[in-house]
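1. Task: produce atomic coordinates for the following.
(one chain, ligands or ions: 1)
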Amino acid sequence: MSGMSLVEVAGGFSTLGLDSRMVEELKGLGYEEPTPIQREAIPPILDGKDLVGQAATGTGKTAAFALPMIQRLGALGTSRARPSSLILVPTRELAMQVAEAVHRYGRPLGIKVLPIYGGQAYGPQLRGLERGIDVVVATPGRALDHIRRGTLALEGLAIVVLDEADEMLDMGFAEDIESILAETPSGRQTLLFSATLPPRIAAIARKHLKDPVKIKIGAEKVAAGATPRVKQVAYIVPKEHKLAALGRVLDIEGPTSAIVFCRRRTEVDELVETLSGRGYGAEGLHGGMTQEQRSRVMKRFRAGGIDLLIATDVAARGLDIEHLSHVINYDVPCEPESYVHRIGRVGRAGREGVAITLAEPREHRQLQGIERSTRQKIEVARLPTVADLRARRLELTRAALREAVLAGDLDHFRVVVESLSDEFDVMQVALAAVKLAHRAEGPGDDEPEEIPEFAPRSDRGPRDARPGASRNDRPRDRVPRTGGRASMTRLFIGAGREVGVRPQDLVGAITGEAGIDGREIGAIEIADRFSLVDVADEVAEAVIVALRAAKIKGRKVKVRREGER
Ligand code: AMP
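-> Got it, this is the predicted structure:
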């Protein structure tokens with residue numbers, strides 16, 4: 001355990017010159033210390049300087065500009081009759097996110113913020129603007145509409161932010177941005193953030209920013225060889241499904257000792273509660289705990305009394321923990337160094353380790369940044385499905401039964417089997433016993449929560465290489481693959497675990513050979529010598545015909561409706 005004091009941890013944000021009310025608010029949000037971009041950007045912005053920040057999503061850049069912006073607006077004491085700050089962003093999603101962040105951070109100073117974006121009715125936007133607003137977060141097109149209608153005044157602007165400038169250019173907003181900037185007061189402060197700085201962005205910066213401070217985050221190369229050999233996997237999961245996805249990943253992986261890293265204290269608490277509820281021995285570790293509390297948790301963890309440690313980077317810093325089976329990043333870490341540091345805790349001493357990262361769709365780019373920095377591949381994989389989970393549970397039951405058979409000492413149960421065998425086939429008795437054992441083994445019979453699949457546009461890992469998965473990669477358009485569909489046909493496929501069949505092989509064969517969508521496939525169970533797959537009634541015949549003509553794991557297999565001979 002390091003000798004780091006808690007005073008140091010808590011001191012992070014206040015040393016940057018931020019208002020103590022905001023520092024308190026951040027503490028409430030569970031932010032333990034500033035991210036690198038926040039540390040570098042906040043002081044010059046507070047000083048009123050223009051700034052060009054090269055940083056991707058997930059680095060904490062929103063707070064990096066929003067916190068000092070809010071403080072300056074408070075200090076300038078601008079009237080709310082006209083907005084004093086305009087933040088331009090490429091998409092409506094980002095407009096909503098940034099507006100929400102400004103609202104959260106600005107609450108103690110009573111800052112009023114309004115997102116305006118295309119596709120939304122003008123009415124509420126107009127009423128919002130009329131009521132008086134400090135900060136407008138807008139997509140360029142809609143901002144320009146309002147400016148032309150005279151409903152968005154620019155004369156009062158003290159600060160203008162261009163967020164994700166490269167994305168805005170890619171979306172064709174260059175001219176709109178130029179027109180908007182041309183109409184803003186020349187004495188304004190201008191902040192530009194962009195993941196990349198192509199010449200066109202540099203040109204905008206030269207033309208519209210005054211002697212800007214330049215900051216670049218996350219591009220440093222990590223020293224070669226600094227990254228340990230660890231199996232690195234990422235799942236792209238929409239934010240609202242992350243908790244369920246974490247549960248699913250843990251159930252599949254069955255880690256023997258693992259750390260789950262997250263960014264905020266509040267997340268630590270939330271995860272501890274949820275995972276404890278799922279039957280994991282989970283405990284939290286964050287900077288808000290006393291040294292004594294932390295030592296106690298660490299002692300229990302080292303002694304094996306805790307399965308999962310849920311920690312922030314700050315709290316885990318300096319901890320010498322070895323022999324972890326898994327490190328799980330609940331968020332993509334803000335910087336490559338932090339990623340390397342986190343995953344360096346698995347796979348030590350020649351042990352095989354697994355590092356799993358849950359990334360939101362918008363954090364995909366940041367993941368690629370880490371890959372570039374570490375020069376190591378992070379496999380973007382398909383989140384295990386409910387069918388995978390069921391197969392895994394059956395696997396566990398099978399292993400438990402096998403162990404019981406090998407352990408022997410079963411004679412006093414013989415009378416039960418013998419008496420039932422007068423009435424039933426021994427196979428049926430065995431199946432019923434397995435069912436009971438399965439229930440006792442697993443986390444209950446409750447249906448696992450459905451998580452819509454999200455496959456990134458590019459960079460599919462091998463497990464994603466399913467034909468059909470690429471047609472539609474927007475999560476909201478996806479229908480869960482399984483989930484209580486009434487009209488399914490169960491197919492018997494004469495190949496199973498003994499020849500290495502996995503759920504993804506069956507999905508691949510069915511979507512590939514029969515040309516049907518993965519959404520038509522339901523539960524999959526894999527036994528030693530055969531597999532059972534549910535497919536939608538309408539496509540059952542086509543799947544049977546196609547699979548009979550195809551090979552699975554290199555061999556011809558029997559395929560028929562279950563129960564048919
Ligand atoms: P951004 O890069 O602005 O999209 O921020 C990414 C995420 O990091 C958001 O969910 C923020 O709430 C979170 N975040 C920003 N700054 C911090 C911090 N200092 N500590 C913990 N989380 C943060």
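2. contacts and neighbour counts: CA atoms only from here.
-> Noted.
3. Quick check: closest non-adjacent residue to the residue nearest the centre of the chain.
-> Here the mean C-alpha position of the chain is nearest to the C-alpha of Ala359 (CA atoms, centre = their mean), at a distance of 3.0 Å. For Ala359, the nearest residue in space outside its immediate sequence neighbours is Ile236; the separation is 4.9 Å by CA to CA, 6 or more residues apart in numbering.
4. on contacts alone, who are the packing partners of the helix or strand hosting Ala546?
-> Ala546 belongs to helix 537-549 when elements are defined using DSSP states H and E. Using 3 or more CA pairs under 8 Å, 6 or more residues apart in numbering; DSSP states H and E as the contact criterion, the elements in contact with helix 537-549 are strand 488-493, helix 503-514, strand 559-561.
5. A strand includes Ala523, no?
-> Yes. With DSSP: H, G, I helix; E, B strand; the rest coil as the criterion, Ala523 is located in a strand.
6. now the strand or helix carrying Leu389: how far from the chain's centre is it?
-> Secondary structure from DSSP H and E places Leu389 in helix 386-407. Relative to the mean C-alpha coordinate of its chain, helix 386-407 is positioned 29 Å out (CA atoms, centre = their mean, to the nearest Å).
7. cool, stretch 371-385 as well?
-> Offset of stretch 371-385 from its chain centre (CA atoms, centre = their mean): 13 Å.
8. Could you do stretch 89-97 as well?
-> Here the centre of mass of C-alpha atoms in stretch 89-97, compared against the chain's by CA atoms, centre = their mean, lies 18 Å away.
9. and that stretch, what's its mean pLDDT?
-> Mean pLDDT, taken over the full extent of stretch 89-97, equals 91.
10. For Gln54, find the nearest of the helices and strands packed on helix 537-549.
-> Among these, the nearest to Gln54 by CA to CA is helix 503-514 (39.4 Å).
11. Quick check: next helix or strand after the one helix or strand Glu292 maps to?
-> Following DSSP H and E, one finds Glu292 within helix 291-302. Of the helices and strands lying after helix 291-302 in sequence (DSSP H and E), the nearest is strand 308-312.
12. So this structure: which segments form each domain?
-> Structural domains of the chain, as assigned by automatic domain parsing, span the residue ranges 34-216, 230-383, 387-464, 477-561.
13. With distance to Lys27 as new columns, can those domains be given to me in CSV?
-> Formatted as CSV, those follow (distance: least, CA to CA, whole Å):
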stretch, distance to Lys27
domain 34-216, 11
domain 230-383, 9
domain 387-464, 31
domain 477-561, 37
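14. Give me the pLDDT for Asp134.
-> We have a pLDDT of 95 for Asp134.
15. Go ahead and report the secondary structure state at the residue nearest to it when sequence neighbours are not counted.
-> With sequence-adjacent residues excluded and distances taken as CA to CA, 6+ apart, Asp134 is closest to Pro83, at 4.6 Å. Three states are possible here, and by three-state DSSP the one that applies to Pro83 is coil.
16. For Pro83, give its distance to the ligand.
-> Distance from Pro83 to the ligand, counting by CA to the nearest ligand atom, to the nearest Å: 22 Å.
17. Same check on Leu154?
-> Between Leu154 and the ligand the computed distance is 25 Å (CA to the nearest ligand atom).
18. same question, Lys242
-> Lys242 sits 13 Å away from the ligand, going by CA to the nearest ligand atom.
19. do Leu152 as well
-> Leu152 sits 25 Å away from the ligand when distances are taken as CA to the nearest ligand atom.
20. tell me the secondary structure for that residue?
-> Strictly by three-state DSSP, Leu152 counts as coil.
21. Give me the local confidence score for the closest residue to it other than its chain neighbours.
-> The shortest distance from Leu152 to any residue that is not its chain neighbour, by CA to CA, 6+ apart, is 5.2 Å, and that residue is His146. If you check His146, the pLDDT there is 94.
22. hang on, His146 is in a helix, isn't it?
-> Yes. Inclusion of His146 in a helix is indicated when three-state DSSP is applied.
23. so how far is Leu367 from the residue nearest to Ala359?
-> Using CA to CA, to the nearest Å, we find Ile236 at a distance of 10 Å from Leu367.
24. which residues do these two both contact?
-> Ala359 (CA atoms under 8 Å, 6 or more residues apart in numbering).
25. For those two, indicate the residue with more neighbours.
-> Relative neighbour count places Leu367 above the other of Ile236 and Leu367, with 26 against 23, counting by other CA atoms under 10 Å.
26. starting at the chain centroid, how far to the helix or strand hosting the more buried one?
-> Element membership for Leu367, per DSSP H and E: helix 364-374. Between the centre of helix 364-374 and the centre of its host chain there is 14 Å, according to CA atoms, centre = their mean.
27. Stretch 295-311 now?
-> Computed by CA atoms, centre = their mean, the separation of stretch 295-311 from the middle of its chain amounts to 25 Å.
28. With stretch 325-342 instead?
-> 12 Å.
29. is the ligand contacted by that stretch?
-> No. Counting by CA under 6 Å from any ligand atom, the ligand has no neighbours in stretch 325-342; the shortest distance is 7.6 Å.
30. Give me the below-cutoff pLDDT ranges for this structure.
-> For the chain, the stretches flagged by pLDDT under 70 are 1-11, 78, 218-229, 322-323, 347-352, 441-450, 452-486, 565.
31. How about the residues of the protein by the ligand?
-> 31-35, 57-63, 263-264.
32. And the residue of the chain most remote from its centre, its phi and psi?
-> Note on the chain: the largest separation between a C-alpha and the mean C-alpha position, by CA atoms, centre = their mean, falls on Asp422 (54.9 Å). Dihedral angles of Asp422 (phi, psi; degrees, to the nearest 10) stand at phi -60, psi -40.
33. quick one: it and Thr139, what's the gap?
-> Distance of Asp422 to Thr139, given as CA to CA: 75 Å.
34. related to what we said a few turns ago, from the residues of the chain next to the ligand, pick the one nearest Glu24.
-> When the residues of the chain next to the ligand are compared for distance to Glu24, the smallest value, 9.9 Å, is given by Tyr31; criterion: CA to CA.
35. burial measure for the closest one, as a count.
-> When counting by other CA under 10 Å, one arrives at 22 neighbours for Tyr31.
36. ok, it touching Arg263?
-> Yes. Counting by CA atoms under 8 Å, a contact exists between Tyr31 and Arg263, whose distance comes to 7.2 Å.
37. For the stretch 51-200 of the chain, just list every one of the helices.
-> With DSSP state H, counting those that start in this stretch, the ranges of helices along the stretch 51-200 of the chain come out as 61-76, 92-106, 122-131, 140-149, 165-170, 174-182, 199-208.
38. What about Gly12, how many residues nearby?
-> 17.
39. swap in Phe193?
-> Neighbourhood size, Phe193 [other CA under 10 Å]: 26.
40. Does it touch Gln54 like I think?
-> Yes. Between Phe193 and Gln54 there is a contact under CA under 8 Å: 5.8 Å.
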